[in-house]
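# This is a predicted model, with the sequence first.
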Amino acid sequence: MENYANDLHDCLSRKDGPEFWNCWKSKFESREDCVQVDGSADDGKIADKFADYFSKAYSCNNASRAADLHTDTCELETNTRACP
């Protein structure tokens, strides 16, 4: 890792933007394309899997608390609009 940092630092010290990014890409970017996500290679199915995962990850797990937060947010929004 130290060599990476030195190479990048040298490019930055010389203010050589193109060389910095070439160095960055050679050190950190993968040259392999991702061909599958969770066993699927179809773009539409992959997008659906991401949508399903994140909709579950960020869904409401307490309807009562969600309603309270919504009410609080609406009140704050109303009060904020009333301020000059």
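Arrived safely.
# Show me where the protein dips below the pLDDT cut-off.
Within the chain, the stretches with pLDDT under 70 are 1-4, 34, 82-84.
# quick one: the strands in it?
Counting by DSSP state E, the chain forms no strands at all.
# Around residue 10, how many other residues sit close by?
13 (other C-beta atoms under 10 Å). In this view, the C-beta of every residue, glycine as well, is placed from N, C-alpha and C.
# which residues touch stretch 24-42?
Defining contact as C-beta atoms under 8 Å, 6 or more residues apart in numbering, one finds that stretch 24-42 is touched by 4, 7, 8, 46, 49, 50.
# For the closest residue to the fourth one other than its chain neighbours, list each beta-bridge partner.
For residue 46, the nearest residue in space outside its immediate sequence neighbours is residue 37; the separation is 4.6 Å by C-beta to C-beta, 6 or more residues apart in numbering. Beta bridges link residue 37 to residue 40 when assigned by DSSP bridges.
# Could you report the separation of residue 37 from residue 76?
Note on residue 37: its distance to residue 76, by C-beta to C-beta, to the nearest Å, is 39 Å.
# Same check on residue 48?
Distance from residue 48 to residue 76, counting by C-beta to C-beta: 35 Å.
# Please apply the same query to residue 22.
Note on residue 22: its distance to residue 76, by C-beta to C-beta, is 48 Å.
# same thing with residue 53?
Going from residue 53 to residue 76 by C-beta to C-beta gives 31 Å.
# give me the number of residues near residue 11?
Neighbours of residue 11 under the rule other C-beta under 10 Å: 18.
# quick one: contacts for it?
19, 20, 23.
# repeat that with 10 Å
Residue 11 makes contact with 17, 18, 19, 20, 21, 22, 23, 24 under the criterion C-beta atoms under 10 Å, 6 or more residues apart in numbering.
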